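Colleague: Coordinates only, no sequence provided:
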C-alpha cells in the first residue's frame, strides 16, 4: 500500500500542509507566489524545506532557499 501513487500523494499533501503551517507560524503571511513555488516541490525538496525552515528568520530566507532550489 505504501508504494501506491495515491498513498504517496496523500503523504505529500500532509507534509505540504504541515510545512505551510510551520512557515506561517514562523514567518507570518507567506506570499501567494512563494506558496505556488512550495506546492510545486517534490517530496525530497519538501523534506529539505522542512529542515531548512528551522533556521529561517524572515521571508527573505524562504525566498533565497526557493531560488537556490529552483535554479
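Modeller: Everything's here; your move. If you're wondering where the values come from, they're calculated on a predicted model, not measured in any experiment.
Colleague: So what's the gap between the host helix or strand of residue 17 and the chain middle?
Modeller: Using DSSP states H and E, residue 17 sits in helix 5-27. Mean-position distance between helix 5-27 and its chain equals 7 Å (Cα atoms, centre = their mean, to the nearest Å).
Colleague: ok, residues contacting it?
Modeller: 1-2, 30, 35, 38-39, 43, 46-47, 49-50, 53, 56, 58-59, 62 (Cβ atoms under 8 Å, 6 or more residues apart in numbering). C-beta here means a position set from N, CA and C on the backbone, and glycine is covered the same way.
Colleague: packing partners for the helix or strand that comes right after that helix?
Modeller: Downstream of helix 5-27, the first helix or strand assigned by DSSP H and E is helix 32-39. Identification of packing neighbours for helix 32-39 by 3 or more Cβ pairs under 8 Å, 6 or more residues apart in numbering; DSSP states H and E yields helix 5-27, helix 59-70.
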